[in-house]
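**Q** Next come a sequence and a model predicted from it.
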Amino acid sequence: MEKKIQRFFLKNHIEPTEIKYIKREEGKTCIYLIDGRIVETYTPLKAIVDELPVDEFLSINKGIVAATCRIVNIKDDLYTMRDGSIFKGRARMPRLLKYEHEKKFNTSKKSQELEIFDDCPLPFALVGIEYDHDGHELDYIVHYANDACLRLFDKQEENVLNQSLYLFNIEKKTLVLIADVALNGGQRVFQFLSVPRAIQCYQPEDGFCALLMMPE
């Protein structure tokens, strides 16, 4: 951690694990902590965020960064926090439009496009972000997993395809990162607790996240 930021954290008794979210308000950077304190500083938000664990915090919009473990739901472009705060993010597709978009997903076209990964030695999977019929309850549906991925997780294809990613025992904060990539684009690198290797995720199409698991 950069010494100036480190001194600031020590002076104000701030631990990264105790941060709920950080906001820009009236020209100041305001750090909201789980103990109820709000620590203000004129240090730019980016300067502080750059010193925090990259897989532990998510940029919701230009002026708000939140701890991934404190996000309980993403719905449309709204991010709901554990304390009840709701922030407007960058997601582009309205909830019901996205629901219809996912239901029209062309399975045969998907199979043709992804067959190049069938014999790939690296585990690869494609996950779609879905809602129920009322547009509620975020879920993560596995649309494709190559043989290497099935072997890695010791799963059979029929027990994985069209099933929830929750089958893989993935942390909630990691699911939030996957959802953000699927809805907003960009790339992320993280790890599953059950897999000792880096996993790169990216958005091949709106509403979907591809997961490529790198060599150990």
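**A** It's in. Numbers count the residues shown, from 1 in each chain.

**Q** hey, let's count contacts and neighbours off CA atoms from now on
**A** Will do.

**Q** Run through the protein and note the low-pLDDT ranges.
**A** Scanning the chain for pLDDT under 70 picks out 1, 76, 90-112, 131-138, 193, 216.

**Q** which one's the longest helix in it?
**A** When the chain is parsed with DSSP state H, its longest helix is helix 172-184.

**Q** Can you list the helices and strands that it packs against?
**A** Applying 3 or more CA pairs under 8 Å, 6 or more residues apart in numbering; DSSP states H and E, we find helix 172-184 packed against strand 71-75, strand 124-130, strand 187-190, strand 199-202, strand 208-213.

**Q** do you know which of those lies nearest residue 176?
**A** Closest to residue 176 of the helices and strands packed on helix 172-184 is strand 71-75 (CA to CA; 7.3 Å).

**Q** And for the next helix-or-strand element following the closest one, what's in contact with it?
**A** Sequence order places strand 78-81 as the next helix or strand after strand 71-75, per DSSP states H and E. Contacts to strand 78-81, defined as CA atoms under 8 Å, 6 or more residues apart in numbering, come from residues 60, 70, 71, 72, 73, 74, 86, 87, 88, 89, 91.

**Q** again, only using 7 Å
**A** 70, 71, 72, 73, 74, 86, 87, 88, 89 (CA atoms under 7 Å, 6 or more residues apart in numbering).

**Q** Same question for stretch 30-40.
**A** 18, 19, 20, 21, 22, 23, 24, 28, 29, 41.

**Q** would you list the residues you listed in a markdown table and tack on secondary structure and distance to residue 169?
**A** A markdown table is the format used below for those (DSSP: H, G, I helix; E, B strand; the rest coil; distance: CA to CA, whole Å):
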| residue | secondary structure | distance to residue 169 |
| --- | --- | --- |
| 18 | helix | 24 |
| 19 | strand | 25 |
| 20 | strand | 24 |
| 21 | strand | 26 |
| 22 | strand | 29 |
| 23 | strand | 31 |
| 24 | strand | 35 |
| 28 | strand | 39 |
| 29 | strand | 35 |
| 41 | strand | 38 |
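
**Q** Filter the residues you listed down to the buried ones, PyMOL style.
**A** With 16 or more other CA atoms under 10 Å as the burial test, the buried ones among those are selected in PyMOL as follows:
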select buried, resi 19+20+21+22+23+24+29
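
**Q** And the contacts of stretch 30-40, which is closest to residue 182?
**A** residue 21 (21.6 Å).

**Q** Alpha carbons only: can I get stretch 157-171 in PDB?
**A** Extracted in PDB, the C-alpha atoms of stretch 157-171 (Å, rounded to 0.1, in the frame of the first residue of the first chain):
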ATOM      1  CA  GLU A 157     -22.400 -32.600 -18.200                       C
ATOM      2  CA  GLU A 158     -26.000 -33.500 -17.500                       C
ATOM      3  CA  ASN A 159     -25.700 -32.300 -14.000                       C
ATOM      4  CA  VAL A 160     -24.200 -29.000 -15.000                       C
ATOM      5  CA  LEU A 161     -25.800 -27.600 -18.100                       C
ATOM      6  CA  ASN A 162     -28.700 -25.300 -17.500                       C
ATOM      7  CA  GLN A 163     -28.000 -25.500 -13.800                       C
ATOM      8  CA  SER A 164     -27.100 -22.800 -11.400                       C
ATOM      9  CA  LEU A 165     -23.500 -21.800 -10.800                       C
ATOM     10  CA  TYR A 166     -24.200 -22.200  -7.100                       C
ATOM     11  CA  LEU A 167     -23.500 -25.900  -7.700                       C
ATOM     12  CA  PHE A 168     -19.800 -25.000  -7.800                       C
ATOM     13  CA  ASN A 169     -19.700 -23.600  -4.200                       C
ATOM     14  CA  ILE A 170     -18.600 -20.200  -5.200                       C
ATOM     15  CA  GLU A 171     -18.400 -17.200  -2.800                       C
END
